[in-house]
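[1] Let me see the structure of the following:
(one chain, ligands or ions: 2)
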Amino acid sequence: MGVIKSLFPSRGRVLPAPVEPGEVLAETEDLGIRLGGRDVLSGVRVAARAGEVLALVGPNGAGKSTLLAALAADLAADTGTVRLRGRPADDWPAAELALHRAVLPQSAQLSFPFPVEDVVRMGRAPWAGTPLEDEDDAAVAAALEATETAAFTSRPFSALSGGERARVSLARVLAQRTPLILLDEPTAALDLRHQELVLRVCRERAAAGDAVVVVLHDLGLAAAYADRVTVLHDGAVAAEGPPAEVFDEQLLSRVYRQPVEVLPHPRTGAVLVFPKRPA
Ligand SMILES: Nc1ncnc2c1ncn2[C@@H]1O[C@H](COP(=O)(O)OP(=O)(O)OP(=O)(O)O)[C@@H](O)[C@H]1O
Ligand SMILES: [Mg+2]
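    Numbering: from 1, shown residues only. Ligands and ions are numbered 1, 2, ... in the order given. Down below sits the predicted model:
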């Protein structure tokens, strides 16, 4: 762990100020990003607020992962602005950034040759040398429990199944205990139970005052758990708002180039989205 800790020198570090309820923890305005000579995002405006789960949805290639990377200050804007807590993304030292936001990348193919517990503990590296280092053990234990991964702490990460790895990777992100949590398709490899578990954890973190941004392909999950949804289409925002407003049959059918039906759940009234299939 010594090498990892040394990446985050503690001297001169500014610990994050307490987050206000509803505070915007990351936002983009008129964001444009070009990759490989193409406009991958243009004119994108989003805001991640403390206390809210924001879902990013849209077809493959729409720009969801690119937007998440911009919100994480991992990818620079070509046009427009990205701000974290009101401060320009390129103005954040890496060590302070790691105390503000934690990122779960899409399909974490990393094959750490370490025991699961060490992988989760890596999430605590940014806090080394700060007073919050005292929370390391509790944060790791809570993250293992929240993701139902405590049973494999001593197993090598590389010997886990795809879904188990995804949950351990999420545990590492949760253990980081940052007020801004950015998750790229955290449920893609998960079974039904663990998809629900992960979205419940997102809700709990939001209820505790964090801002959660989660990329999802399952529109039913987004409808059930997100406060707001941003639909991306060809690098632009096609719709934004509460799921019940945004999940419109015409809009989704156009964006996904697939006719869909939007129905209320017969018992709960929650929005359900289905591809239209012949009877
Ligand atoms: N490094 C790169 N160079 C060139 N093009 C890129 C690069 N990274 C991404 N792109 C392109 O940018 C577009 C948006 O990619 P992005 O990964 O953000 O999509 P996404 O919405 O996350 O899709 P998916 O649902 O498949 O994960 C895609 O067309 C992709 O091919
Ligand atoms: Mg993606």
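[2] per-residue confidence for the residue in the chain that ligand 2 sits nearest to?
    Relative to ligand 2, the nearest point of the chain is Ser65 (3.2 Å; C-beta to the ion). Yep, even glycine has a C-beta here, placed from its N, CA and C like the rest. Model confidence at Ser65, given as pLDDT, is 98.
[3] I figured it hits Leu182, correct?
    No - in this structure, Ser65 is not within contact of Leu182 by C-beta atoms under 8 Å, at 10.2 Å.
[4] These two: which is more packed in?
    Under the neighbour definition other C-beta atoms under 10 Å, Ser65 and Leu182 were set side by side, and Leu182 has more, 26 against 18.
[5] For the more buried one, name its beta-bridge partners.
    Beta-bridge partners recorded for Leu182 (DSSP bridges): Val103, Val213.
[6] Distance of it relative to Arg193?
    From Leu182 over to Arg193 the distance is 24 Å, taken as C-beta to C-beta, to the nearest Å.
[7] next one: Glu52
    The separation that Glu52 has from Arg193, given C-beta to C-beta, amounts to 25 Å.
[8] Give the residue spans of the chain that score low on pLDDT.
    1-13, 108-110 (pLDDT under 70).
[9] Spell out which residues of it are next to ligand 2.
    For the chain, the residues in contact with ligand 2 under the definition C-beta under 5 Å from the ion are Lys64, Ser65, Gln106.
[10] helix, strand or coil for the spatially closest residue to Phe274 that is not a sequence neighbour?
    Residue nearest to Phe274 in three dimensions, not counting chain neighbours: Glu261, with 5.1 Å by C-beta to C-beta, 6 or more residues apart in numbering. Following DSSP: H, G, I helix; E, B strand; the rest coil, the label given to Glu261 is strand.
[11] so Glu261 makes contact with Val271?
    No - if you go by C-beta under 8 Å, Glu261 and Val271 don't touch, sitting 10.9 Å apart.
[12] need the helices for the stretch 51-200 of the chain, in chain order.
    Under the criterion DSSP state H, counting those that start in this stretch, the stretch 51-200 of the chain carries helices at the ranges 64-71, 94-100, 116-121, 136-146, 162-175, 192-207.
[13] ok so, going back, Glu261 and Val271: which is more packed in?
    Val271 (21 against 13).
[14] quick one, what contacts that one?
    If a contact means C-beta atoms under 8 Å, 6 or more residues apart in numbering, then Val271 has Gly220, Ala223, Pro243, Ala244, Phe247, Val262, Leu263, Pro264, His265 as its contacts.
[15] what packs against the one helix or strand the fourth one maps to?
    Taking DSSP states H and E as the criterion, Ala244 maps to helix 243-246. With contacts defined as 3 or more C-beta pairs under 8 Å, 6 or more residues apart in numbering; DSSP states H and E, the secondary structure elements packing on helix 243-246 are helix 219-225, strand 228-233.
[16] ok, 7 Å please
    Helices and strands in packing contact with helix 243-246 are listed as strand 228-233; criterion 3 or more C-beta pairs under 7 Å, 6 or more residues apart in numbering; DSSP states H and E.
[17] from memory Thr28 sits against Val44, does it?
    Yes - using C-beta atoms under 7 Å, Thr28 and Val44 qualify as a contacting pair, with a distance of 5.5 Å.
[18] Can you name the residues of the chain that neighbour ligand 1?
    Taking C-beta under 6 Å from any ligand atom as the contact definition, the chain meets ligand 1 at Leu35, Gly36, Val40, Gly58, Asn60, Gly61, Ala62, Gly63, Lys64, Ser65, Thr66, Gln106.
[19] one more time with 5 Å, if that's ok
    Taking C-beta under 5 Å from any ligand atom, the part of the chain that reaches ligand 1 is made up of Leu35, Gly36, Val40, Asn60, Gly61, Ala62, Gly63, Lys64, Ser65, Thr66.
[20] which of these count as buried?
    Buried members of the residues of the chain next to ligand 1, scored by 16 or more other C-beta atoms under 10 Å, are Val40, Ala62, Gly63, Lys64, Ser65, Thr66.
[21] Could you tell me which residues within stretch 257-272 count as buried?
    Buried residues in stretch 257-272, counting neighbours by 16+ other C-beta under 10 Å, are found at Val260, Val262, Val271, Leu272.
[22] can you redo the residues you listed as JSON lines with distance to Ala188?
    Written out in JSON lines, the entries for the buried residues of stretch 257-272 read as follows (distance: C-beta to C-beta, whole Å):
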{"residue": "Val260", "distance to Ala188": "20"}
{"residue": "Val262", "distance to Ala188": "23"}
{"residue": "Val271", "distance to Ala188": "21"}
{"residue": "Leu272", "distance to Ala188": "20"}
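[23] Brilliant, that's me finished.
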